[in-house]
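1. Could you look at this predicted model? Sequence included:
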Amino acid sequence: MVDALNIQSFLRLGYFIDFDEIWQPIDFSRIDTNTYNDVGTEDLLILGQRCFDESIDALFESGRDHVVPISGGLDSRIILAALLERTEAANLHTYTFGVPGCYDLEIGSQVAQAIGTRHHAFSFRHLNYHRDELTDVANRTGRQAVLFHHPPVWALDRLLGGCRIWSGYVGDAVAGSHLHDPPSESLDAAKRLHLRSRTFVRSTRLFTADDDALVSRMGGGRQDPRQLSWDEQVLFDEAVAKFTAPLVLFRGFEYLTPLINSPWMDFMFSVPAEHRLGQRLMIDIARRAYSRLFDLPSKNRLGHHFDTSAPRIRAKFWANRARKLAHRFIPAVNYPNHQYNDFNEAIRSSPNARELIRSCVSDLEKRAVVDWIDMEALWRRHDARLANHGDALVVLASLELVLSARDSARDCAAPRPVHSADGP
């Protein structure tokens, strides 16, 4: 059975807080923050490129096809750029997933088109999810975290089954995207900051548990904070281990993860923190070594190039916010670009998504495990465009799906009664 606090953590963070399966161990033992204290920026660029090449070469095999899931970000792009120096684009499969207009789908597809990979673009609005497929995905992801934020797994089975997938898994965190300035001064402070910044549902408050109840069950504290900051310890023990790993490295495929447990990771965690803030060093290495791909737009720059001025980026951010608000009330307004998959309109307009999510939310209500939530009121407000509750409805539907998958797994594992020849 899933206890009440795990339900609370799922509603708040998108995952069960007591998940203790080691999905993808990460070895921090080779971090040495004293190694590069006196090394200049130019030498760091050279050393970083060397470490990255070593990490790719250790996994690369010639004479075979390679698969790279790409997005609008940087991790997959730097891997793709490195592979292009080792094989032809015709030997590379790429795929993107998202809502039309979002950076991951559009920019990822633009990158693939620019270099000529064998590309597959999966649009959320053209997918027909089925409950049995989502139950299978729940099982492949450890029955642990929210669903729907993944490509169509059965389609990937058909297209790419048996292939090895190069994943940029948590490369952004390794490069410093979650490094805080200033860093948290204690483990407790880092945990509380994590809870504030990682709340999954923003449109309404689904949970009732306070921070104190969750803090005692959170990870972190296993590393020396002089080697790995409190914030990053909590990030890797919480969001990475309990959310990202199951969702990104779902079962059924062989993954290559060159950005962790590699010379590249050891190098990035060992350089002085100021070089990692905002992924500065990784971006500088990538732009110098792979200018062809890194001159293209990035979602890190809201669809602009890296040389675009900060004021223009801020203007784009606020323009996106305004267009998104206008679209809620006037659907004819072009939907804005956004960084993450947005399910608000799909739930309103896609018969498949609408019926499936409504059915799952209804089944969850019957369980009476979240009886403080008025699910019908959430649905009515969303449907009438009084609010955008797509994030809440997806989490509630996901909770039902993973609980149902857990019920089935428990029933299958239960011992069967033994009957004698004379009857029960």
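-> All right, it came through fine. Residues are numbered from 1 along each chain as shown.
2. Retrieve the pLDDT associated with the residue nearest the centre of the chain.
-> For the chain, residue 244 is the residue whose C-alpha lies nearest the centre (CA atoms, centre = their mean; 5.2 Å). We have a pLDDT of 94 for residue 244.
3. got the contact list for it?
-> The contact partners of residue 244, taken as CB atoms under 8 Å, 6 or more residues apart in numbering, are 169-170. For every residue, glycine as well, the C-beta is placed using N, CA and C.
4. Scan the protein for its longest helix.
-> Across the chain, the longest stretch assigned as helix under DSSP state H is helix 390-413.
5. Alpha carbons only: can I get that one in CSV?
-> C-alpha atoms of helix 390-413 as CSV (Å, rounded to 0.1, in the frame of the first residue of the first chain):
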residue,chain,number,x,y,z
GLY,A,390,-4.0,20.8,-17.0
ASP,A,391,-1.0,20.3,-14.7
ALA,A,392,-3.3,19.2,-11.8
LEU,A,393,-5.5,16.9,-14.0
VAL,A,394,-2.4,15.2,-15.5
VAL,A,395,-1.0,14.5,-12.0
LEU,A,396,-4.3,13.2,-10.7
ALA,A,397,-4.7,10.9,-13.7
SER,A,398,-1.1,9.8,-13.4
LEU,A,399,-1.7,9.0,-9.7
GLU,A,400,-4.6,6.7,-10.6
LEU,A,401,-2.6,4.9,-13.3
VAL,A,402,0.4,4.2,-11.1
LEU,A,403,-1.8,3.1,-8.2
SER,A,404,-3.7,0.8,-10.5
ALA,A,405,-0.4,-0.6,-11.8
ARG,A,406,0.8,-1.2,-8.3
ASP,A,407,-2.4,-2.9,-7.4
SER,A,408,-2.0,-5.3,-10.4
ALA,A,409,1.6,-6.0,-9.5
ARG,A,410,0.7,-6.7,-5.9
ASP,A,411,-2.1,-9.1,-7.0
CYS,A,412,0.2,-10.9,-9.4
ALA,A,413,2.8,-11.3,-6.6
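6. tell me the average confidence for that helix?
-> 91.
7. Flag every buried residue along it.
-> 390-406 (16 or more other CB atoms under 10 Å).
8. so what secondary structure elements neighbour that helix?
-> Applying 3 or more CB pairs under 8 Å, 6 or more residues apart in numbering; DSSP states H and E, we find helix 390-413 packed against helix 4-13, helix 131-140, helix 344-349, helix 351-367, helix 375-383.
9. Looking at these, which is nearest to residue 124?
-> Nearest to residue 124 among the helices and strands packed on helix 390-413 is helix 344-349; the distance by CB to CB comes to 6.0 Å.
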